[in-house]
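A.B. asks: Build me a structure from this.
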Amino acid sequence: MEFIIGSTNSAKLSAARRVIALHFPQAKIEAAEVGSGVSEQPFGDEETRLGALNRALRASSLKEGAIGIGLEGGVRTLEGQVYLCNWGALKLPDGTKFTAGGAQIPLPPAIAEEMLNGKELGPVVDNYFKMNGIRQKEGAMGMFTAQAVKRDALFEHILQLLIGQFKYRQLEE
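C.D. replies: Next comes the predicted model:
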């Protein structure tokens with residue numbers, strides 16, 4: 001069994017490696033930078049989910065028989081508040097697709113205002129905390145939860161949901 005994750009982001013890759021190793025210890029996993037086909041800063045669950053699906057589809061197309069993984073972070077609004085949102089997708093060689101969403105938290109007003117003005121979350125969070133590369137490490141989720149839930153743990157949870165759906169489907173066959 002071979003998986004290709006449609007990203008070289010270290011937080012996404014480490015999450016994928018841990019979850020795949022847990023469920024499929026003999027599986028191979030590769031990383032490939034593929035486009036999400038959505039905005040640099042996905043806005044809304046629909047666009048963020050589509051970005052994850054596109055990454056999974058493009059990753060799976062790189063090698064016959066590979067299972068594609070797509071993970072995408074975005075923001076959304078709910079009752080006037082801007083939240084982080086995260087989505088994942090799995091695409092099997094037979095064309096079957098699974099999707100799952102992750103935890104969501106509201107962003108601080110200063111960050112939310114930047115998002116509503118069309119800025120990209122990663123650079124805004126880096127600037128806010130006077131750091132570089134937060135999205136490759138703890139992510140906005142980690143920073144705004146005082147490291148209680150880091151970005152890789154968030155994506156691990158989404159991957160567990162995706163792999164769980166995949167395994168359930170195998171039981172049904």
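
A.B. asks: As a check, name the ranges of all strands in the protein.
C.D. replies: Ranges of strands within the chain are 2-5, 28-31, 67-78, 81-91, 97-101, based on DSSP state E.

A.B. asks: Turn the ones you listed into CSV, including mean pLDDT, distance to residue 22 and mean neighbour count.
C.D. replies: No exception for glycine: its C-beta is placed from N, CA and C like everyone else's. Formatted as CSV, the strands of the chain follow (pLDDT from 0 to 100; distance: least, C-beta to C-beta, whole Å; neighbours: other C-beta atoms under 10 Å):
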stretch, mean pLDDT, distance to residue 22, mean neighbour count
strand 2-5, 98, 13, 24
strand 28-31, 97, 12, 16
strand 67-78, 97, 14, 24
strand 81-91, 98, 15, 24
strand 97-101, 98, 16, 18
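
A.B. asks: what about those, which gets the closest to residue 118?
C.D. replies: strand 67-78 (11.1 Å; C-beta to C-beta).

A.B. asks: In a markdown table, list the strands of the chain along with distance to residue 144.
C.D. replies: Output for the strands of the chain, formatted as a markdown table (distance: least, C-beta to C-beta, whole Å):
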| stretch | distance to residue 144 |
| --- | --- |
| strand 2-5 | 25 |
| strand 28-31 | 26 |
| strand 67-78 | 12 |
| strand 81-91 | 8 |
| strand 97-101 | 18 |
